[in-house]
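Participant: Prediction below, plus the sequence it came from.
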Protein chains: 2
Amino acid sequence: MAVKFAKRMSKLQGSEIRELLKLTQQPQIISFAGGMPAPELFPVEEMKKVSVAVLDERGTEAMQYTTTEGYEPLRVQIAERMNTKNGTNVNADDILVTSGSQQGLDFAAKVFIDEGDVILCESPSYLGALNAFKSYEPNFIDVPTDENGMIMEELEKILATTDRIKMIYVIPDFQNPTGRTWPLDRRHKFMELINKYEIPVIEDNPYGELRFEGEGLPSLKSLDTKGLVIFLGTFSKIFCPGYRLGWTCAAPEILAKFNVAKQGADLQSSTISQMEASKFMDMYDLDAHVDKIKAVYVKRRDVMLKTMEEQFPEGVQFTHPEGGLFTWVILPKELNAKELMVKCLEKDVAYVAGGGFFPNGGFENTFRLNYSCMPEEKIVKGITSIGEVLKEAMGVKNI
Amino acid sequence: MAVKFAKRMSKLQGSEIRELLKLTQQPQIISFAGGMPAPELFPVEEMKKVSVAVLDERGTEAMQYTTTEGYEPLRVQIAERMNTKNGTNVNADDILVTSGSQQGLDFAAKVFIDEGDVILCESPSYLGALNAFKSYEPNFIDVPTDENGMIMEELEKILATTDRIKMIYVIPDFQNPTGRTWPLDRRHKFMELINKYEIPVIEDNPYGELRFEGEGLPSLKSLDTKGLVIFLGTFSKIFCPGYRLGWTCAAPEILAKFNVAKQGADLQSSTISQMEASKFMDMYDLDAHVDKIKAVYVKRRDVMLKTMEEQFPEGVQFTHPEGGLFTWVILPKELNAKELMVKCLEKDVAYVAGGGFFPNGGFENTFRLNYSCMPEEKIVKGITSIGEVLKEAMGVKNI
């Protein structure tokens, strides 16, 4: 057989994270690799009542096709939640329900990108987004960042000197992979630049509600006066990922294109999942549930950072996120996190090497750590093991 | 705002069927437009027990991320079902769970089609597939058909004289929109040609199990000796569409590419939906459920065909499907089904005009009728109303 695949397929490869997920399903592995929420916090008992209630009250509707834009009462709830949490002023008609926010990423590139068009993103950026975008054969320019996220002077230079920029992809809140958050002045400066150049922005916000400390910041969408920001939200981190429910919020002209993309991609997201998520919010207090999640994650973050401070050798840097799921580790330049990963796996610990988060390669001396889905004692044990590997690699004697 | 969309978006428009779906949700409308299964047959009571059982037994797993290929026990059940129903010899590793078979259509074009490549399909073909493919900017050649499906001599001519054919899309069983089925000799001849030219085939089979009469025929996949056939299956018509569960069955090299596409598109299909569908098959008899569906649909088909024979004027042709959901109506050439649709809607009856099912236009004198989701008395009433419109248009006196 000599089947010929589309050109784009040669640029795509399976996500290291998805492959790792298989490996890390082995029970002895302490995994800081995925971006998985803590499963012990899922409202399982509540969902038993919710699913019976949905099937009792509207069973045949729940199992039938529905409209592409999604279940109306859920879209009303999403819009209200955005207005409360993200400072927007939107309504149900501005919302398209998607199968996780990942699907919104695929649609963004489908809607905006022709082969050879340029996408700007943070350096580093979310691997799963870069992979989704690659299907549409863009060129990437990753904008330099510091501890406060994207550097606006660098962005301005690139905007002023680059042709064919068709969209900008950013995660301003507790970024994946770095955990960094953009301060208010950068958000304002960013919107100023965007309004000047009129480039669509994909604001990916899966972690915004998981703030442990410090003050909440307005979403880019809430600062958007020209309808240029496309906001991607998800229930994966505040409720659960297994239902595959996210949403896109955008100006009508843009959302209509996303709707057409959705029709071709899978007609609609699961009717019953949408009705169950909606019913959960009717019957229970999602805010209280999010508080429960945050209380657990902040402790895990604290334990991870404290253990890193104690166990990682000098010369290793890492971020101190105020929320979200990740911290980001920068090793001395000569070290390779992919190579060290092999040694960590020998000690039954996993992380994700950082190179894949840079669309144009390099930065092999970085890795991402997730603290949300491991209990505290495993965090201590796993980070201590990574510390041993790092000390050995850096020629530091174990004490 | 002057946002620039990708070139592909100018070729895409919202599906007429999805738009009609909104209209036909009005209760007074007798709709033969959608391809919706009969909701009153959905196993709602059973699914209450199933969902509680899944959450009781493996609740946290059900709400968490899973692997991209899908829930292993479900893939085992799908492979076994295909081997029984479709005459294949496949196993779980040959299956990728998708969000409806619609998602498999999107992936097929993503995996095989560069801009300007040629897709062959039946004339007419499924509108939703054509729309999904259009995102990847192919050219279509629709192969002439007769009452037995695709005409192999015509296919052979096209294969012999056309460059850049990258895939062939077919629905050999109870085709959408015509209801036609390919006989055995055509299936063999088709595979002979495919093997000679080594072109990947997308065999879309949502309706195969809904055979009311006559003998079942082997799937193309079961006749495939070179790993060229990609089989798309779905639970939408034998269980329910609201869970958005379908699958792709293909040779390892091809399925690996579909898996990469799935990672970018939405990471995975709903974990809990997959576990619930699997559990339903464990706890209940899906075959018995399909028998129940067929018993209802065959009566509806009979009533529709009988009423058409009685009420449609001479000169109007229609197909006599042995299974599936649809019959296809061909009017005299001078009539326009889209225009007549307006008159039908005035009588509160809806169908889908046929022009959209032809990728290169024309054939406005055709329309598709669905008989699966209206009770018999409404079928009689609705078809009688369409008959009145047709008689008026054709200058035939109502008796």
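Facilitator: Sure, I can see it.
Participant: Mind pulling the model confidence for A:S10?
Facilitator: Looking at A:S10, its pLDDT reads 89.
Participant: cool, and the one 5 residues further on?
Facilitator: In this prediction, A:S15 carries a pLDDT score of 68.
Participant: A:V111 contacts A:K257, doesn't it?
Facilitator: Yes - A:V111 is within contact range of A:K257, at 4.6 Å (criterion: C-beta atoms under 8 Å). Every C-beta, even on glycine, is put in place using the N, C-alpha and C of the backbone.
Participant: ok, now how distant is the residue of the stretch 51-200 of chain A found nearest chain B from A:Y65?
Facilitator: Closest to chain B within the stretch 51-200 of chain A is A:G59: 3.4 Å, counting by C-beta to the nearest C-beta. Distance of A:G59 to A:Y65, given as C-beta to C-beta, to the nearest Å: 15 Å.
Participant: what about the helices in the stretch 251-399 of chain A?
Facilitator: A:252-266, A:271-283, A:286-311, A:337-346, A:376-393 (DSSP state H, counting those that start in this stretch).
Participant: anything in the second one sitting right up against chain B?
Facilitator: Yes - Helix A:271-283 reaches chain B (C-beta under 8 Å from any C-beta of the partner chain) through A:271-273.
Participant: Also the longest one?
Facilitator: No - contact of helix A:286-311 with chain B is not found when judged by C-beta under 8 Å from any C-beta; the minimum separation is 12.4 Å.
Participant: So is stretch A:109-126 next to chain B?
Facilitator: Yes - part of stretch A:109-126 sits near chain B under the criterion C-beta under 8 Å from any C-beta, namely A:110-115, A:117.
Participant: returning to that earlier point: just the buried ones out of the residues of helix A:271-283 next to chain B, please.
Facilitator: Buried residues within the residues of helix A:271-283 next to chain B, counting neighbours by 16 or more other C-beta atoms under 10 Å in any protein chain shown: A:271-273.
Participant: which one among the residues you listed gets closest to B:W328?
Facilitator: Of all those, the one with the least separation from B:W328 (C-beta to C-beta) is A:T271, at 28.0 Å.
Participant: Now do the phi/psi pair for the closest residue to the closest one other than its chain neighbours.
Facilitator: Nearest non-adjacent residue to A:T271, counting by C-beta to C-beta, 6 or more residues apart in numbering or on different chains: B:G242, 3.7 Å away. Note on B:G242: its backbone torsions stand at phi -60, psi -20 [degrees, to the nearest 10].
Participant: Up against chain B, what does the stretch 51-200 of chain A have?
Facilitator: For the stretch 51-200 of chain A, the contact set with chain B under C-beta under 8 Å from any C-beta comprises A:51-52, A:55-56, A:59-68, A:98-100, A:102-103, A:105-106, A:110-115, A:117, A:128, A:131-132, A:134-136, A:166, A:198, A:200.
Participant: Neighbours of the closest residue to A:F32 other than its chain neighbours, how many?
Facilitator: Excluding its sequence neighbours, the residue lying closest to A:F32 (C-beta to C-beta, 6+ apart) is A:L369, at 4.4 Å. Close neighbours of A:L369, defined as other C-beta atoms under 10 Å in any protein chain shown, add up to 26.
Participant: gap between A:L369 and A:G362?
Facilitator: 20 Å.
Participant: now swap in A:E253 and tell me
Facilitator: Taken as C-beta to C-beta, the span from A:E253 to A:G362 is 38 Å.
Participant: Check A:P172 too.
Facilitator: 23 Å.
Participant: more neighbours, the two?
Facilitator: Taking neighbours as other C-beta under 10 Å, A:P172 and A:G362 compare with A:P172 leading, 24 against 12.
Participant: For A:A62, list the residues it contacts.
Facilitator: A:54-55, A:271-272, A:275-276, B:242 (C-beta atoms under 8 Å, 6 or more residues apart in numbering or on different chains).
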